[in-house]
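In: Output the structure for:
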Amino acid sequence: MSVSGGHKRRSRSSFVSVRYIPTDEEEELHRQTESQNLRVSLYQIKNIETILNLEFYIGRYMRNTLINLDINEQMTQAAEALNIKLNDIEELEDDAALGNGGLGRLAACFLDSMATLGIPSYGYGLRYQFGIFKQQIVDGWQVEVPDDWLRQPMPWEIRRVENEIRIHFYGKVIWNQSINNFQWTDYETVIAQAYDYPVPGYKNNIVNTMRLFSAKADCDFNFKSFNEGEYIHAVMERNKAERITCVLYPNDNIAEGRELRLKQEYFLIAASLHDILRRFKGEKRWQISSNKETKSNILQLPGAKLNQNPVSSVSIDFKCMPDMVAIQLNDTHPSLAIPEMMRLLLDSEHLSWDDAWYITVNCFAYTNHTLMPEAIERWPVQMIERNEQTNTTFDC
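Out: Numbering: from 1, shown residues only. Here you go, the predicted model:
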């Protein structure tokens, strides 16, 4: 038993070592790609392609990374010199439980293809703790158990602490006369933690990004409740938040499951759009210096009404955003991204309706992969009050 345990520890150590051997090269290529994408977008006005998808069926990372970085042969020879078979090490890697079928596999292929073609791209998804399930056969019957693929540290992912995003749920929408706009109040907050997975192109020194979000409570532990003996309530907010990214496709045959699935989809699109806008606003070309008389968010479009609310001394030239950002909605799951983008541009960036509509129409593309009933989603309007307000305006 001790020999077996020692062998497992050595094997796990070898697997982690294989991951970190190409790390320096891969991270440097990742930085170079980010810098190159910025230069391309600044001077050639080229879109950064972005895919929003609820699942990415990426499979195992190790072998694909070694092949694409063109170091598979060297790693095989190095392992053999240490009397280790690279195939044995590969078997230690769990499949990333991030997808289920064709939709997720197609999204993963999109990312791989764009990296190989040198197209600047991001893939946005969720970092599920247990995926869907792991299948076991007991007495000839399928038994479903959690797929705990993250029980060991995932050596390929990079935690981006600096890019955490606060996502709001529930609450109510009121009209705020002082700012002449709607305001979302009394909401609950969940933290979206970002994890990056490098996506190397095939032998071309390009490394794009798949960014996955994990849900975390704004307050992990209620110390007051714990001291009062309410131990379940002390961690209730943590459990409530983390269940959002616990399992892919929760059961929607029950009301709680339908609500959780909607929260899952909104969590994905809200975190992704916040990150997309953050990256766009951070690029200096789109910033316009302004004095006290200059209005914010100047967007000169035919027939568009300029927003007259000054926000800061630096404005963002949002008219360039469709030239910079192309957002692909993969199936119906991220479709709330359209009213959410309108909400962000109206409520957070203080654009006029015409300006926000022009940007939204020209940034988004959409592909539906099936017309089956389960793919045509419907939600109670009370679950998405502010988004429903923008949807109603669309119809008008």
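In: From now on I want contacts and neighbour counts done on CA atoms only, so please keep to that.
Out: Noted.
In: how far is stretch 181-190 from where the chain is centred?
Out: Stretch 181-190 sits 22 Å away from the centroid of its parent chain (Cα atoms, centre = their mean, to the nearest Å).
In: Show me what counts as buried in that stretch.
Out: 184, 189-190 (16 or more other Cα atoms under 10 Å).
In: and these, which of them are in strands?
Out: Secondary structure from DSSP state E places 184, 189-190 of these in strands.
In: ok, of the residues you listed, which one's closest to residue 78?
Out: Nearest to residue 78 out of these is residue 190 (Cα to Cα; 45.1 Å).
In: Test my guess that the closest one contacts residue 243.
Out: No. At 11.1 Å, residue 190 does not count as touching residue 243 under the criterion of Cα atoms under 8 Å.
In: So for those two, which residues contact both of them?
Out: Residues touching both residue 190 and residue 243 by Cα atoms under 8 Å, 6 or more residues apart in numbering: residue 215.
In: hang on, residue 173 in a strand?
Out: Yes. Per DSSP: H, G, I helix; E, B strand; the rest coil, residue 173 lies within a strand segment.
In: who's in contact with the residue nearest to it when sequence neighbours are not counted?
Out: Leaving aside its sequence neighbours, residue 173 sits nearest to residue 184 (Cα to Cα, 6 or more residues apart in numbering; 4.6 Å). Contact partners of residue 184, counting by Cα under 8 Å, 6+ apart, are 171-174, 386.
In: Tell me where the stretch 201-350 of the chain has helices.
Out: According to DSSP state H, counting those that start in this stretch, the stretch 201-350 of the chain carries its helices in the segments 223-227, 231-234, 236-242, 255-281, 321-324, 337-343.
In: Tell me which of those sits most buried.
Out: Of the helices of the stretch 201-350 of the chain, the one with the most neighbours on average (mean count of other Cα atoms under 10 Å) is helix 337-343, at a mean of 22.
In: could the contacts of residue 184 be laid out in TSV, adding neighbour count and distance to residue 206?
Out: What follows is those, written out as TSV (neighbours: other Cα atoms under 10 Å; distance: Cα to Cα, whole Å):
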residue	neighbour count	distance to residue 206
171	13	43
172	14	45
173	15	44
174	12	47
386	19	40
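In: buried sites along stretch 59-70?
Out: Neighbour-count burial for stretch 59-70 flags 59-62, 64-69 (criterion: 16+ other Cα under 10 Å).
In: what mean pLDDT does it have?
Out: Averaged across stretch 59-70, the pLDDT comes to 88.
In: And for stretch 220-235?
Out: What stretch 220-235 shows for mean pLDDT is 83.
In: For it, measure first residue to last.
Out: End-to-end distance for stretch 220-235: 6 Å, by Cα to Cα, to the nearest Å.
In: How about residues contacting it?
Out: Residues outside stretch 220-235 that contact it (Cα under 8 Å, 6+ apart): 237-238.
In: Just give me how far it sits from the chain centre.
Out: In terms of Cα atoms, centre = their mean, the centre of stretch 220-235 is set 31 Å apart from its chain centre.
In: Provide the contact partners of stretch 97-104 at residue level.
Out: 53-58, 105, 126-132, 147, 149, 248, 330, 369.
In: one step back: would you list the contacts of residue 184 in TSV and tack on pLDDT?
Out: As requested, the contacts of residue 184 are exported to TSV (pLDDT from 0 to 100):
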residue	pLDDT
171	85
172	84
173	82
174	84
386	56
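In: Just the ones in helices from the contacts of stretch 97-104, please.
Out: By the criterion of DSSP state H, membership of the contacts of stretch 97-104 in helices covers residue 105.
In: from the contacts of stretch 97-104, which would you call buried?
Out: Neighbour-count burial (16+ other Cα under 10 Å) is assigned, among the contacts of stretch 97-104, to 53-58, 105, 126-132, 147, 149, 248, 330.
In: So, low pLDDT: which residues of the chain?
Out: By pLDDT under 70, the weakly predicted segments of the chain are 1-47, 283-315, 374-375, 382-396.
In: Would you map the strands across the protein?
Out: Using DSSP E, strands in the chain cover 48-52, 121-126, 134-138, 141-145, 158-169, 172-176, 181-185, 188-200, 207-217, 287-289, 314-316, 325-330, 364-367.
In: out of those strands, which comes closest to residue 342?
Out: Residue 342 sits nearest to strand 364-367 of all these, at 11.6 Å, using Cα to Cα.
In: can you redo the helices of the stretch 201-350 of the chain as JSON lines with distance to residue 153?
Out: Formatted as JSON lines, the entries for the helices of the stretch 201-350 of the chain read as follows, by distance: least, Cα to Cα, whole Å:
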{"stretch": "helix 223-227", "distance to residue 153": "28"}
{"stretch": "helix 231-234", "distance to residue 153": "27"}
{"stretch": "helix 236-242", "distance to residue 153": "18"}
{"stretch": "helix 255-281", "distance to residue 153": "23"}
{"stretch": "helix 321-324", "distance to residue 153": "35"}
{"stretch": "helix 337-343", "distance to residue 153": "31"}
